[in-house]
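> Turn this into a structure:
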Amino acid sequence: MDLTTTYMGLSLKHPVVPSASPLSKKISDIRQMEDSGAAAITMYSLFEEQIDMEALSLHHFIEQATFVSAEATAYYPQTADYNRGPDGYLELIHKAKEAVQVPVIGNLNGVTPGGWVEYARKIEQAGADALELNVYFLPTRADMDCNEVERLYLAILKEVKSYVHIPVAVKLSPFFSAMPNMAHKLDEAGADGLVLFNRFYQPDFNLEELSVEPNLLLSTSAELRLPLRWIAILYGHVKASMALTTGIHTPEDVVKAIMAGADVANVCSLLLHEGPSKIADLVKGLETWMEQHEYESVGQMKGALSQACVAEPGAFERANYMKALTGYKVNW
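Numbers count the residues shown, from 1 in each chain. Got it, this is the predicted structure:
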């Protein structure tokens, strides 16, 4: 059974890749993920804010602002709670490359063009085989239109690409008004991969304290459907590799990702909840499914259920919406 796949030019032994998470903060955990069968390791995010401000100046800024507006600064983490700083991040990538044989993918997280993107080159020099660019941006200004948002993504990608020679993937939000057009623009701008989609962690309200609080909920398989649909629509229309992230919890989820047209299936919540050993279960389950359904390779499966290949392409568009609503039966 040939489980191999190619992602951004990297040859991987199978499509299951741990996505950015706290599991990549320690060499011991990185080794454990490789021992459990990870095809590559995506490092946790190095934030623009960490690069632009030294730890002491950031700490000073937060402490001083706290006396002015505690509510406004409550979302900033304490200095000690931040991930290790930029230099420590680079050192960890270097050590990870020495510790494992699988590709190591760096991760930069930012929202504005600027000096922080120079760290893309430093991540490459530290030994990373590729880079995931996570533009986690939520536009809240009424005077900022969709064109300005798109230009922001494209400007950051082009700037990062000017610094490195390794492949660069862009992790996308699902909120673009014309996703195929945006994917095409990123493709033309040089993106080697598209990661669909970034999870936006929504804040919650504390009604007793009358405050807004950060809240993180792990994904479920039901969340697979959003990236599944868009990868199936984009398959065959972009040159960039595609990674499906969010909702990978079972071998069947991995199969669906490949059938939609993804080159890799990123897994995170499952590993955080049940441990890195679940990687082996996903890979074994994928192999078993392929054997039972007489598929000889992942390449043979890829895109088989994409919009370009299914008998009813309208199932990905308005027809699905109408059929789902008109077909629903009340059970009481």
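> my guess is L152 contacts V111, does it?
Yes. Using CB atoms under 8 Å, L152 is in contact with V111, at 7.3 Å. All C-beta atoms are positioned from the backbone trio N, CA, C, and that covers glycine.
> what do these two both touch?
In terms of CB atoms under 8 Å, 6 or more residues apart in numbering, L152 and V111 are both contacted by the residues V135, F137.
> Would you state the strands of this structure in chain order?
Under the criterion DSSP state E, the chain carries strands at the ranges 5-7, 10-12, 16-18, 41-42, 46-47, 104-109, 130-134, 168-172, 193-196, 204-206, 211-213, 241-245, 264-267.
> In JSON lines, list these along with mean pLDDT.
Formatted as JSON lines, the strands of the chain follow (pLDDT from 0 to 100):
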{"stretch": "strand 5-7", "mean pLDDT": "98"}
{"stretch": "strand 10-12", "mean pLDDT": "98"}
{"stretch": "strand 16-18", "mean pLDDT": "98"}
{"stretch": "strand 41-42", "mean pLDDT": "98"}
{"stretch": "strand 46-47", "mean pLDDT": "92"}
{"stretch": "strand 104-109", "mean pLDDT": "96"}
{"stretch": "strand 130-134", "mean pLDDT": "97"}
{"stretch": "strand 168-172", "mean pLDDT": "96"}
{"stretch": "strand 193-196", "mean pLDDT": "98"}
{"stretch": "strand 204-206", "mean pLDDT": "90"}
{"stretch": "strand 211-213", "mean pLDDT": "90"}
{"stretch": "strand 241-245", "mean pLDDT": "97"}
{"stretch": "strand 264-267", "mean pLDDT": "98"}
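> mind checking which of these is nearest R229?
Proximity to R229, assessed across these by CB to CB, is greatest for strand 193-196 (9.6 Å).
> Give the other helices and strands that that closest one contacts.
Judged by 3 or more CB pairs under 8 Å, 6 or more residues apart in numbering; DSSP states H and E, the packing partners of strand 193-196 are strand 130-134, strand 168-172, helix 179-188, helix 225-234, strand 241-245.
> Could you tell me the average pLDDT over the third one, please?
In this model, helix 179-188 has an average pLDDT of 96.
> Buried by neighbour count: which residues of that helix qualify?
M179, M182, A183, H184, K185, L186, D187 (16 or more other CB atoms under 10 Å).
> again with the fourth one
Of the residues in helix 225-234, those buried under the neighbour-count criterion (16+ other CB under 10 Å) are P227, L228, R229, W230, I231, A232, I233, L234.
> how close does the nearest residue to the first one once chain neighbours are set aside sit to W230?
When the adjacent residues along the chain are set aside, P227 lies closest to L196, with 4.3 Å between them (CB to CB, 6 or more residues apart in numbering). Relative to W230, L196 is positioned 6 Å away (criterion: CB to CB, to the nearest Å).
> Check G127 too.
For G127 relative to W230 (CB to CB), the value is 32 Å.
> now the helices for the stretch 1-150 of the chain?
27-35, 48-52, 55-66, 70-73, 86-99, 119-125, 146-161 (DSSP state H, counting those that start in this stretch).
> Please work out the angle formed by the directions of the fifth one and helix 27-35.
Pointing back at helix 86-99 there. Between helix 86-99 and helix 27-35, the angle comes out at 40 degrees (axes from the mean of the first three to the mean of the last three CA atoms, to 10 degrees).
> what helices or strands is helix 86-99 leaning on?
helix 27-35, helix 48-52, strand 104-109, helix 119-125.
> Thanks again, I'm all set now.
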